[in-house]
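A.B. asks: Could you work out the structure for the sequence below:
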Amino acid sequence: MAGESLKRTGLYDLHIELGAKMVPFAGWDMPVQYPMGVLKEHLHTRAAAGLFDVSHMGQVILPMEAVAALETLLPVDVAGLGLNRQRYGMFTNAAGGILDDLMIANKGDHLFLVVNAACAEADIAHMSAHIPGLKVVTDRGLLALQGPQAAAVLERLLPGVAAMRFMDVAEFGWRGATLWVSRSGYTGEDGYEISVPETVVTDFARALLAEPEVAPIGLGARDSLRLEAGLCLYGHDIDITTTPVEADLLWAIQKRRRIEGGFAGADVILGQIERGTDRKRMGLRPEGRAPMREGVEIFAGPEGGAPIGRVTSGGFGPSIEAPMAMAYLPADLPQGATVYGEVRGKRLPARIVPMPFHPHSYKR
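C.D. replies: Numbers count the residues shown, from 1 in each chain. Reported below is the predicted structural model:
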């Protein structure tokens, strides 16, 4: 894609000033890394606090009367979502495939949704076809502050945020602007996502970066952090060919929806809950140091036979100091079993392990 056609977030000039290496991502010009480098950025986030520009993601407001209509599009209990609470969900199609994953917050008089950048246009069209009164938020940036020092840092700027629990949402004032804050993120670490008016987003980012614990973090480390945390990336680990049950996301489908159904693909998804699936997303720890990256075919034995699966995300985990991967494999394979990934013409052993690869540290 030509540079001129890429969209830019409100922090583009700041990224350039900070020495970011910019790359095309989902139609946006985004920082993949800063001079610190991906490895150090990853480890800094795990040790202190990392600041991510996630303004490329779609922010959407729905009226509260849209709850019933929204529930026809996803298998998540939106009606039962508490005031000032947020929940992970996914849009499904008639075949039970995942159209996108998203966050849904109950803000009292409206719902606030955050959808993936690559799917934002399609998600908005999909919702608009079923839900009147949808409003796309175009005048706010989105920041993620992640890591064990995130609460202490943000408390200095927004007193009261440290009292929030994981998946709480709240509003705070800063220099006359209203910030929408959730205690959540996609790194496995404690932290926050903060929707900030464009008028102050650069100033707010600078104020966070002025704190000694905070460093800017790019898409490279964001990917290795979420993979260590065993979290799916849409378009890689989940898509329209995978169902929530196959993707091991059953925890995101609350009991009421399993009983009542009434969402796109319910017959397929509820059938899989009842009878099981042929394949499931699983964690792999390759032996040795060589990573098994996306697309690597997995085999049952060290030679011969057809592939039994394929890696959807893989790389080296800086915090676990070892390679890690996620793959769809036959559902009856037990944890601890050894399978073989074909890397550069050689089959290398990998063990099926539980996820996350690195423990979560959310503030419960």
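A.B. asks: For the rest of this, base every contact and every neighbour count on C-alpha atoms.
C.D. replies: Fine.
A.B. asks: okay, now the domains of the protein?
C.D. replies: Residue ranges for the domains of the chain, per automatic domain parsing: 3-55+138-228, 278-364.
A.B. asks: out of these, nearest to His236?
C.D. replies: Closest to His236 of the domains of the chain is domain 278-364 (CA to CA; 5.4 Å).
A.B. asks: ok, now which ones touch Gln272?
C.D. replies: By CA atoms under 8 Å, 6 or more residues apart in numbering, the contact list for Gln272 reads Val245.
A.B. asks: try Leu270
C.D. replies: By CA under 8 Å, 6+ apart, the contact set of Leu270 is 258, 261.
A.B. asks: tell me the pLDDT at the residue sitting furthest away from the middle of the chain?
C.D. replies: Centroid-distance maximum for the chain: Gly304 at 36.3 Å, with CA atoms, centre = their mean. Here, the pLDDT recorded for Gly304 equals 96.
A.B. asks: And it, how far from Ala337?
C.D. replies: When CA to CA, to the nearest Å is the yardstick, Gly304 and Ala337 sit 18 Å from each other.
A.B. asks: Ramachandran coordinates for Leu208?
C.D. replies: Here is the backbone geometry of Leu208 (degrees, to the nearest 10): phi -70, psi -40.
A.B. asks: Name the nearest residue to it, ignoring sequence neighbours.
C.D. replies: In space, and not counting its chain neighbours, Leu208 is closest to Val214: 6.6 Å by CA to CA, 6 or more residues apart in numbering.
A.B. asks: For the domains of the chain, give me a markdown table that also has distance to Lys107.
C.D. replies: Formatted as a markdown table, the domains of the chain follow (distance: least, CA to CA, whole Å):
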| stretch | distance to Lys107 |
| --- | --- |
| domain 3-55+138-228 | 8 |
| domain 278-364 | 20 |
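A.B. asks: Among those domains, which comes closest to Phe112?
C.D. replies: Using CA to CA, these put domain 3-55+138-228 closest to Phe112, at 9.7 Å.
A.B. asks: before we move on, back to that, does the residue nearest to Leu208 really touch Arg46, like I thought?
C.D. replies: No - using CA atoms under 8 Å, Val214 is not in contact with Arg46, being 11.5 Å away.
A.B. asks: Report whether the residue farthest from the centre of the chain is found in a helix, as I expect.
C.D. replies: No - under DSSP: H, G, I helix; E, B strand; the rest coil, Gly304 sits outside any helix and is assigned coil.
A.B. asks: On the three-state scheme, Ala129 is what?
C.D. replies: Secondary structure state of Ala129, per three-state DSSP, is helix.
A.B. asks: Likewise for the one 3 residues further on?
C.D. replies: Here Pro132 is recorded as coil under three-state DSSP.
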